[in-house]
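Engineer: Sequence plus the predicted model coming up.
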Amino acid sequence: GAGVSQTPSNKVTEKGKYVELRCDPISGHTALYWYRQSLGQGPEFLIYFQGTGAADDSGLPNDRFFAVRPEGSVSTLKIQRTERGDSAVYLCASSQGLAGVEGNEQFFGPGTRLTVL
Amino acid sequence: DQQVKQNSPSLSVQEGRISILNCDYTNSMFDYFLWYKKYPAEGPTFLISISSIKDKNEDGRFTVFLNKSAKHLSLHIVPSQPGDSAVYFCAASVGGYQKVTFGIGTKLQVIP
């Protein structure tokens, strides 16, 4: 089946603008995760959803960042008043279930490269 | 504060030989450990995992070793192949796979 898809693949915006990044998880996966990867760094956890609810949003850097998953499938990461420091690759991942079960590894999409000028 | 550390930014290995990638962690609460492989312009791909109740897990050419007392894990690839050339991320989590903390990665180059 299809893997995790993310759109757009690239997004260039100006400082102060609003952006939305979309993630389509693997069909049937109940858990969805957002990460941010800055240059030369590993992915950094932002938020994860179990179904429609945000189960852990402790990684969101500030209140300019918000994510939704209204129907328990597609998710949108929203960034308000973008800053140059928000430039990074935003990765989405999904998994079949949750913690503690072998085989519930996260499958990643290719990411959206966000550039804030 | 890096809770998962990969101190070698790069590694070159001859095809057919063993590749050993190392990882140290500081958070003693971590109980699941994973290795991901990443090619350019792609998302990370899960490779192998290990829980803290084990000290070794093997999957084909890939073996992960966990030394809890030293807070150290390593990934062995035998034999190394040119297609293994990628960035390898060590990762860890508490209580499962939800909130995963990644290292900064080690770039492996397998020379034909």
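Structural biologist: Sure, I can see it. Numbers count the residues shown, from 1 in each chain, chains lettered A, B, ... in the order given.
Engineer: Who is the residue nearest the centre of chain A paired with across the strands?
Structural biologist: Residue closest to the mean C-alpha point of chain A, counted by C-alpha atoms, centre = their mean, is residue A:34 at 2.8 Å. Beta bridges link residue A:34 to residue A:47, residue A:92 when assigned by DSSP bridges.
Engineer: Residue A:77 is in contact with that one, correct?
Structural biologist: Yes - if you go by C-beta atoms under 8 Å, residue A:34 and residue A:77 touch, sitting 5.4 Å apart. No exception for glycine: its C-beta is placed from N, CA and C like everyone else's.
Engineer: Identify the contacts common to the two.
Structural biologist: Common neighbours of residue A:34 and residue A:77, counting by C-beta atoms under 8 Å, 6 or more residues apart in numbering or on different chains, are A:23, A:46, A:67, A:90, A:92.
Engineer: Just give me the neighbour total for the second one.
Structural biologist: Residues near residue A:46, counting by other C-beta atoms under 10 Å in any protein chain shown, number 22.
Engineer: residue ranges with poor pLDDT in chain A?
Structural biologist: A:1, A:98-103 (pLDDT under 70).
Engineer: what does it have sitting close to chain B?
Structural biologist: Proximity of chain A to chain B (C-beta under 8 Å from any C-beta of the partner chain) is limited to residues A:4, A:31, A:33, A:35, A:40-45, A:48, A:55-56, A:58-59, A:91, A:93, A:95, A:98-102, A:104-111.
Engineer: Next step: these restricted to strands.
Structural biologist: A:31, A:33, A:35, A:44-45, A:48, A:55-56, A:91, A:93, A:95, A:107-108 (DSSP state E).
Engineer: among these, who's most crowded?
Structural biologist: residue A:33 (30 neighbours).
Engineer: quick one: contacts for it?
Structural biologist: For residue A:33, counting by C-beta under 8 Å, 6+ apart, the contacting residues are A:45-49, A:92-95, A:106, B:98, B:100.
Engineer: ok, 7 Å please
Structural biologist: Counting by C-beta atoms under 7 Å, 6 or more residues apart in numbering or on different chains, residue A:33 touches A:48, A:92-93, A:106.
Engineer: just checking, the residue nearest to the centre of chain A touches residue A:76?
Structural biologist: No - using C-beta atoms under 7 Å, residue A:34 makes no contact with residue A:76, being 9.9 Å away.
Engineer: Tell me the residues of chain B that contact chain A?
Structural biologist: For chain B, the contact set with chain A under C-beta under 7 Å from any C-beta of the partner chain comprises B:34, B:41-44, B:46, B:49, B:89, B:95-105.
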